[in-house]
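Chemist: return a 3D structure for these sequence lines:
(chains A, B, C and D)
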Number of protein chains: 2
Amino acid sequence: MTVHPQQFEVHPSSGVPIYVQVIDQVQAMIAGGILKQGDMLPSVRQMATELGVNPMTISKAYSKLEADEVVERVRGKGMQVRKMAAEGSQKERLNDLTPLMGQAIVRGRQLGLTDAQILALVRQLLKEFIS
Amino acid sequence: MTVHPQQFEVHPSSGVPIYVQVIDQVQAMIAGGILKQGDMLPSVRQMATELGVNPMTISKAYSKLEADEVVERVRGKGMQVRKMAAEGSQKERLNDLTPLMGQAIVRGRQLGLTDAQILALVRQLLKEFIS
DNA sequence: ATAAGTGTATCAATGCACTGATACACATCG
DNA sequence: CGATGTGTATCAGTGCATTGATACACTTAT
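Modeler: Residues are numbered from 1 along each chain as shown, chains lettered A, B, ... in the order given. The predicted model follows:
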């Protein structure tokens, strides 16, 4: 599957930084199955030109995605969607997810949200990320 | 119940703005039952002196709490804990949590976990983090 | 009325996050 | 090799959020 920069869009005055919008869209595409393991992201210059933004801005978004282990840098090629650690038992995968999910839940608690509200948010997000 | 400023503490170099820390602690105290309806918050000057911070910083934290309908301004007296947090503020808090939770869910999807597994993990963590 | 207690409007200073221009390192292809 | 393609290190500019100094409005108590 090839991804075209045209599938991305950015709203400069939304209050959300450009590079965050790029990160969110890439993650959403992975969650939604548009991007799969081994797919290449558009080059920083392609994406930058298309969005009317500086290449460095895209590069920083990609770097963050790499730091988050969502994507892998391939020398001379570009950024490739990482093989998820599909190997390993479900237990191990759950253990991988636990720190991040735990952080989100702690945050929810700090915000004074009830367990029901947190669960409702999870369900809602699970639905939204289907397509 | 009277609340003493000594019960508050602030970490200037934590990356979290002072006034946000104050807001979080007040909300946590309400959620935890330390602060109840009708209780008065420490005056801006008391709190400011105790924390080594400018009174305006505290005032802005209190103003945000008032905007969130968590607390009420009483003329000549101070800030008083309100009956209930309004629904609007809860929506704002849900919006605050959405990015982090979304990231966790994306990660779970990337690991090949099913929705049921993700939900199960959330429930488990909610139980563990009784706090 | 005066003093002492609330919170806050206003403006200035500072720091940091974001973005971008430039130049560079590295890989691939002809 | 040279040309073209990756991503990125570095530095500068800009805007906004955060904090603080000052002065003020208001209420209560003496």
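Chemist: for the residue nearest the centre of chain A, list the residues it contacts.
Modeler: The centre of chain A sits closest to A:Q27, judged by CA atoms, centre = their mean, with a distance of 2.3 Å. Counting by CB atoms under 8 Å, 6 or more residues apart in numbering or on different chains, A:Q27 makes contact with A:L65, A:V70, B:G102, B:Q103, B:V106. For every residue, glycine as well, the C-beta is placed using N, CA and C.
Chemist: tell me which element A:Q46 falls in.
Modeler: A:Q46 belongs to helix A:44-51 when assigned by DSSP states H and E.
Chemist: same deal with A:E72?
Modeler: Going by DSSP H and E, A:E72 is part of strand A:71-74.
Chemist: and that strand, is it in reach of DNA strand D?
Modeler: Yes - Strand A:71-74 lies within reach of DNA strand D by CB under 7 Å from any atom of the strand, at A:R73.
Chemist: by contact count, what packs against that strand?
Modeler: helix A:55-67, strand A:78-81 (3 or more CB pairs under 8 Å, 6 or more residues apart in numbering or on different chains; DSSP states H and E).
Chemist: tell me the two of the contacts of A:Q27 that are most distant?
Modeler: Maximum pairwise distance among these (CB to CB): 14.3 Å, between A:L65 and B:G102.
Chemist: and chain A, which residues reach DNA strand D?
Modeler: A:41, A:43-46, A:55-56, A:59, A:62-63, A:66, A:73, A:76-79.
Chemist: and A:L35, how many residues sit next to it?
Modeler: A:L35 is flanked by 22 other residues according to other CB atoms under 10 Å in any protein chain shown.
Chemist: so it sits against A:A28, correct?
Modeler: No - contact status for A:L35 versus A:A28: not in contact, 9.1 Å apart, counting by CB atoms under 8 Å.
Chemist: now the common contact residues for those two.
Modeler: Looking at what touches both A:L35 and A:A28 (by CB under 8 Å, 6+ apart), there is no common residue.
Chemist: show me where pLDDT drops low in chain A?
Modeler: Applying pLDDT under 70 to chain A flags the ranges A:1-2, A:5, A:84-90, A:110, A:130-131.
Chemist: and it, which residues reach DNA strand C?
Modeler: With CB under 7 Å from any atom of the strand as the criterion, chain A meets DNA strand C at residues A:17-20, A:52-57, A:60, A:75-77.
Chemist: which among those count as buried?
Modeler: Among the residues of chain A next to DNA strand C, those classed as buried by 16 or more other CB atoms under 10 Å in any protein chain shown are A:I18, A:Y19, A:V53, A:T57, A:K60.
Chemist: show me the two of these that sit farthest apart.
Modeler: A:V53 and A:K60 (10.7 Å).
Chemist: and the residue of chain A that's closest to DNA strand C?
Modeler: Ranked by CB to the nearest atom of the strand, the top residue of chain A for proximity to DNA strand C is A:G76, at 2.6 Å.
Chemist: all set now, cheers.
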